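Chemist: sharing a model prediction with you, sequence too.
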Amino acid sequence: MWSDIESQTIEAGELTLKIRHVYDENPDHSHLGKYASKLSNFTVDRNTGVLYGEDADEPEPEEFGVPEDDWYPTNEDEPNFSRWAAYERAWDEWDDRHGCVELASCLSSNFGRGEFQYFDVNGNHLPHNEKNWGHVEGVEKYWEEAQRKLKARHIDTGDKRYDLDVLYTCQDYERMVELEKNYWWYIAIIVEVHLKGTKVGHAALWGVESDSGGYIEEITKELTDEAIEDANLTLHDMHAFDAVAGFAALREATEEELDA
């Protein structure tokens, strides 16, 4: 049985309308991402709070001016020591990033013992696809308004649209962290119409975010109309026309209660 978070009862003659908010204990939050046991492209390391992107090419000695046939120097006086040192630093940085591009950092780290270390965010905003932005106007404005958030997460891809995709991905991950900490949860909104204690109408929506505010009020009104219409059809099928006449009063009472 679902446990009520909040409930409301509205009566009009023999008809009763019940509105219930209950915990959704098996929600689908795959739109935020999924836990993973290993690092891959577009994955957050929950231990370090770093978001990794595509594979990055491994640095090669030649890129730093080190000849192919050169030996590894053992002290600063030997030729190409500084070039080798620069190559080693670049290789160590590449290895620290697990061979991936680092897209963002300073994210919430909530890795606990016995949990999956990684959170896979591939498939929503990332990988970045320029075509997804074709219909969006005012990218420059969105990017300017997001500067504080971008800097806080060390996001700087060199492309404003890509920056925003990375930011939105970070926010999805952070939203999941807040869910784990019970800062918010998923609920179901259930509306029932009863006639003398017997349920004759029903409407429900699951997977609603508990901090949705005005959206919850809007959905509750829509579900109320749907449940009353369902009850209306049921009573017509039952030829309970005397009860049908009471729906106008029930609608009026419901609207007054919900708008109060």
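Modeler: Nice, thanks for sending it over. Numbering: from 1, shown residues only.
Chemist: kindly export the lengthiest strand in the chain (C-alpha atoms) in CSV.
Modeler: Determined from DSSP state E, the single longest strand within the chain is strand 198-209. C-alpha atoms of strand 198-209 as CSV (Å, rounded to 0.1, in the frame of the first residue of the first chain):
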residue,chain,number,x,y,z
THR,A,198,-17.3,3.1,-4.0
LYS,A,199,-14.6,4.2,-6.4
VAL,A,200,-16.2,5.2,-9.7
GLY,A,201,-13.5,7.4,-11.2
HIS,A,202,-9.7,7.5,-11.3
ALA,A,203,-6.7,9.3,-12.8
ALA,A,204,-3.0,9.3,-11.8
LEU,A,205,0.4,10.4,-12.9
TRP,A,206,3.7,8.8,-11.6
GLY,A,207,7.2,10.1,-11.7
VAL,A,208,6.5,13.7,-10.7
GLU,A,209,9.4,15.5,-9.0
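Chemist: report all helices and strands that that strand contacts.
Modeler: strand 186-195, helix 214-237 (3 or more Cβ pairs under 8 Å, 6 or more residues apart in numbering; DSSP states H and E). (Glycine included, C-beta is placed from N, CA and C.)
Chemist: one more time with 10 Å, if that's ok
Modeler: Using 3 or more Cβ pairs under 10 Å, 6 or more residues apart in numbering; DSSP states H and E, the elements in contact with strand 198-209 are strand 15-23, strand 186-195, helix 214-237.
Chemist: okay, the ones you listed, which one's buried deepest?
Modeler: strand 186-195 (a mean of 21; mean count of other Cβ atoms under 10 Å).
Chemist: partners of that one, with directions?
Modeler: Note on strand 186-195: by DSSP bridges, its sheet partners are strand 15-23 (antiparallel), strand 198-209 (antiparallel).
Chemist: so which residues make contact with the one helix or strand S7 maps to?
Modeler: Secondary-structure element containing S7, defined by DSSP states H and E: strand 4-12. For strand 4-12, contacts defined as Cβ atoms under 10 Å, 6 or more residues apart in numbering pick out 16-23, 185, 187-194, 210, 216, 220, 224, 246-258.
Chemist: and it, what's buried?
Modeler: I10, A12 (16 or more other Cβ atoms under 10 Å).
Chemist: tell me how far it lies from the chain's centre.
Modeler: 30 Å (Cα atoms, centre = their mean, to the nearest Å).
Chemist: and for stretch 59-70?
Modeler: With Cα atoms, centre = their mean, you get 44 Å for stretch 59-70.
Chemist: cool, stretch 210-217 as well?
Modeler: How far stretch 210-217 lies from its chain's middle: 16 Å, per Cα atoms, centre = their mean.
Chemist: show me where the stretch 1-150 of the chain dips below the pLDDT cut-off.
Modeler: Residue ranges of the stretch 1-150 of the chain with pLDDT under 70: 1-3, 68-74, 76-77.
Chemist: tell me the mean pLDDT for stretch 213-227?
Modeler: Average pLDDT, stretch 213-227: 94.
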